[in-house]
Structure formats: structure tokens, C-alpha cells
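Peer 1: sequence first, then the predicted structure:
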Amino acid sequence: MNYKYVICEKDGEIATIMLNRPGKLNVMDFPGDGGLLDDFSSALDAASNDDAIKVLIIKAAGRAFCAGHDLERIYKVYEEWDKEPGKRRPSQRARLLTDRRWLEVHQKILLHPKVTIAQVHGYCIGEGAAIAEMCDIAIVSEDAHISHAEQRLGFAGSGINLVPLFQAVGYKKARWMCLTGEAMDGIEAERIGWATKVVPPDKLDEEVTKVAKQITLLPKDGIAIGKASNHMLLDILGMTSGWLQGYMTHTMFTNLRYEPGEWVFVKDRKVKGTKTAFHTRDERYMETK
């Protein structure tokens, strides 16, 4: 299939989905936008249904894997359900259904029937980090910039499927990442268990291809049974519950009541614009150092 925002390729038993919104650092929009997320979701389905494929690589064009969500679309995506957007507070129906459909894409990756490899370079923030965390394997560049800085919007450990993060790096480190939004490079990501393997930037393509080819040595039925077994293990570990935890807490967060003096991204965006509000989010944390 032809897509506008992803490039799909197949080389024998290896398929690749390349996020292709480089001018925006491959930030994700929301379900129904007809953009990157919808294309990505459809491409995941196509790879899932292709019996010739054993391994799926998820990578990205440009200088970022995925720098999070499109901050222009945050909150507005709920308002647009109404005939007159912005006249009333968005309904719970709009919030819940949109968030559920978005987190369903995470489930598609987590439970994908093919072996999934995240090829991470550059900025890998928020939604980008979550995509990599849902994959079976994450191979990262040494100079990658990985964080859950989206939590600085006020989530404080909610709003996304965080169970794979907690399983990968442990409770204390995961809480630290969520409460501070601090970034790490690929070397640190491997050290703490977030990444499977770290390599120099110029070796990333080569290493991912090598690992993918190694996995294709396994029989198709073996991979299918292994992924079914992995699904059972994810259930035992409680990781599949992250779908519900993610979208329910995100919906709750969009209804947050802010106290006087507390910073509100949506209000700041309305007054100063998205770019300035985005920088303000992180500058506030720099001021405390």
C-alpha cells in the first residue's frame, strides 16, 4: 500500500516501516487525523497479515526516531468532536474514544505476531519512547536522546502505557524518568536495560539488519508460537493491562484541575503559541538546577 507519512519496504522475510514526517521530527498526531498515526497503524496491520514476514523493523527518516506528539493537536483533537469546537469543554466520550484508539496502536506493537525491532536514533521522546518500549528488541544509536519529557506537561507518571518501561528499567528508575523527564543517551539506555543493544551511529543500520537476519533463521511457526507464548507472559506480568492504564489515565489528565500558579500548557499555548509553550515546559525544569 502507498502511504503519505510512512514508507514500507520488504526484503524477503524482513519488513520495514519507516516513519516519514522528518520535517516535524516524526511527531505523532491522533487517530482520525489522517496523518502519521493512521498510516502507521495501517502499516502495522499490513505487516501483521503478511505471512511471508518474520521480522518487522520500525525506524524513522530524518534526525529523529519520534520526538513525541504533535503539540498543535493536543486537546484540540477532542474539541473537534463538537459542531462548534472550543465552545464547550470536550466530552468524556471524545476523550475516551480518541485515547482508546490511540493506545490500541501501542497494543498492536506489543502483541504484534512478528518479531519487532525498534531502530532508534536521534530524538526518541514520549510517544517515540513508548513505541520502542512496545517492541521485542530496541537497538539504539549511542547519541540517541531518549526521555519521557512529555510527563513534564503534568502527567507525573500517567497518560501512556508505562508498564513496559517499569518492567524494563525497574520501579525507581522508571519513576525518576516520569517525575523529572530527564533524558539519557543510548549508552545509558543500554546500561539500565531500556535498550537491547547500543551501537555507534554509523553502525546502526548494519546492526539492525544483522539481528533481523539472525531472527529469520527461526521457523515461521516457531516465531508464531513464540509470540503467542510471549503474549501469555505479558499477561502474567500485567503488561497488557497497560493499554487500559494508559488511555484511562490520559483521559483523566485532560480533565485536570489546576491550582493558582500552576503551569498549564494549553493556556500557555493559546497565549504564546505552541513553540514558546513547548520551550517553557522544559525551561521551568532547568531553572530548578
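Peer 2: Received, thanks.

Peer 1: run the chain-centre distance for the helix or strand hosting Y285.
Peer 2: Following DSSP states H and E, one finds Y285 within helix 274-286. Counting by C-alpha atoms, centre = their mean, to the nearest Å, helix 274-286 is centred 21 Å from the centre of its parent chain.

Peer 1: which residues does that helix contact?
Peer 2: For helix 274-286, contacts defined as C-beta atoms under 8 Å, 6 or more residues apart in numbering pick out 71-72, 149, 152-153, 180-181, 263, 265, 268-269, 272. In this view, the C-beta of every residue, glycine as well, is placed from N, C-alpha and C.

Peer 1: let's see 7 Å
Peer 2: If you take C-beta atoms under 7 Å, 6 or more residues apart in numbering as the criterion, helix 274-286 is touched by 71-72, 149, 152-153, 181, 263, 265, 268-269.

Peer 1: do stretch 192-210 as well
Peer 2: For stretch 192-210, using C-beta under 7 Å, 6+ apart, the contacting residues are 57, 117, 119, 121, 137-143, 146, 168-169, 173, 186-187, 189-190.

Peer 1: in strands, which of those residues appear?
Peer 2: Taking DSSP state E as the definition of strands, those contribute 57, 117, 119, 137-141, 146.

Peer 1: would you turn these into JSON lines with distance to P201?
Peer 2: As requested, the ones in strands among the contacts of stretch 192-210 are arranged in JSON lines below (distance: C-beta to C-beta, whole Å):
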{"residue": "I57", "distance to P201": "17"}
{"residue": "I117", "distance to P201": "17"}
{"residue": "Q119", "distance to P201": "12"}
{"residue": "I137", "distance to P201": "18"}
{"residue": "A138", "distance to P201": "15"}
{"residue": "I139", "distance to P201": "12"}
{"residue": "V140", "distance to P201": "10"}
{"residue": "S141", "distance to P201": "5"}
{"residue": "I146", "distance to P201": "14"}
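
Peer 1: which residue ranges of this protein form helices?
Peer 2: 36-48, 76-79, 92-110, 127-134, 163-169, 171-180, 186-191, 204-215, 220-237, 242-253, 265-272, 274-286 (DSSP state H).

Peer 1: name the stretch among these that sits most buried.
Peer 2: Of all the helices of the chain, helix 127-134 has the most neighbours on average by mean count of other C-beta atoms under 10 Å, namely a mean of 28.

Peer 1: what packs against it?
Peer 2: Helix 127-134 sits against strand 64-66, helix 92-110, strand 115-120, helix 163-169, with contacts defined as 3 or more C-beta pairs under 7 Å, 6 or more residues apart in numbering; DSSP states H and E.

Peer 1: pretty sure Y258 sits against K267.
Peer 2: No: counting by C-beta atoms under 7 Å, Y258 sits too far from K267 to count as a contact (8.3 Å).

Peer 1: show me the shaky parts of the chain.
Peer 2: Low-confidence segments of the chain (pLDDT under 70): 289.

Peer 1: most distant residue from the middle of it?
Peer 2: For the chain, the largest distance from the centre (C-alpha atoms, centre = their mean) belongs to P260, which lies 31.8 Å off.

Peer 1: what is the neighbour count of D143?
Peer 2: Neighbourhood size, D143 [other C-beta atoms under 10 Å]: 13.

Peer 1: ok, now how distant is the residue nearest to it when sequence neighbours are not counted from I223?
Peer 2: The shortest distance from D143 to any non-neighbouring residue, by C-beta to C-beta, 6 or more residues apart in numbering, is to P201 (5.7 Å). Remark: distance between P201 and I223 (C-beta to C-beta, to the nearest Å) = 29 Å.

Peer 1: ok, now N161?
Peer 2: The gap separating N161 from I223 is 24 Å, by C-beta to C-beta.

Peer 1: what about the nearest residue to E133 once chain neighbours are set aside, distance to H106?
Peer 2: Distances taken as C-beta to C-beta, 6+ apart place P164 nearest to E133, at 4.1 Å, with adjacent residues excluded. Distance of P164 to H106, given as C-beta to C-beta: 9 Å.

Peer 1: which residues are in contact with both of the two?
Peer 2: Taking C-beta under 7 Å, 6+ apart as the contact criterion, the residues that touch both P164 and H106 are M134.

Peer 1: just checking, I215 touches I53?
Peer 2: No: at 11.2 Å, I215 and I53 do not qualify as touching, with contact defined as C-beta under 7 Å.

Peer 1: good, we can wrap up now.
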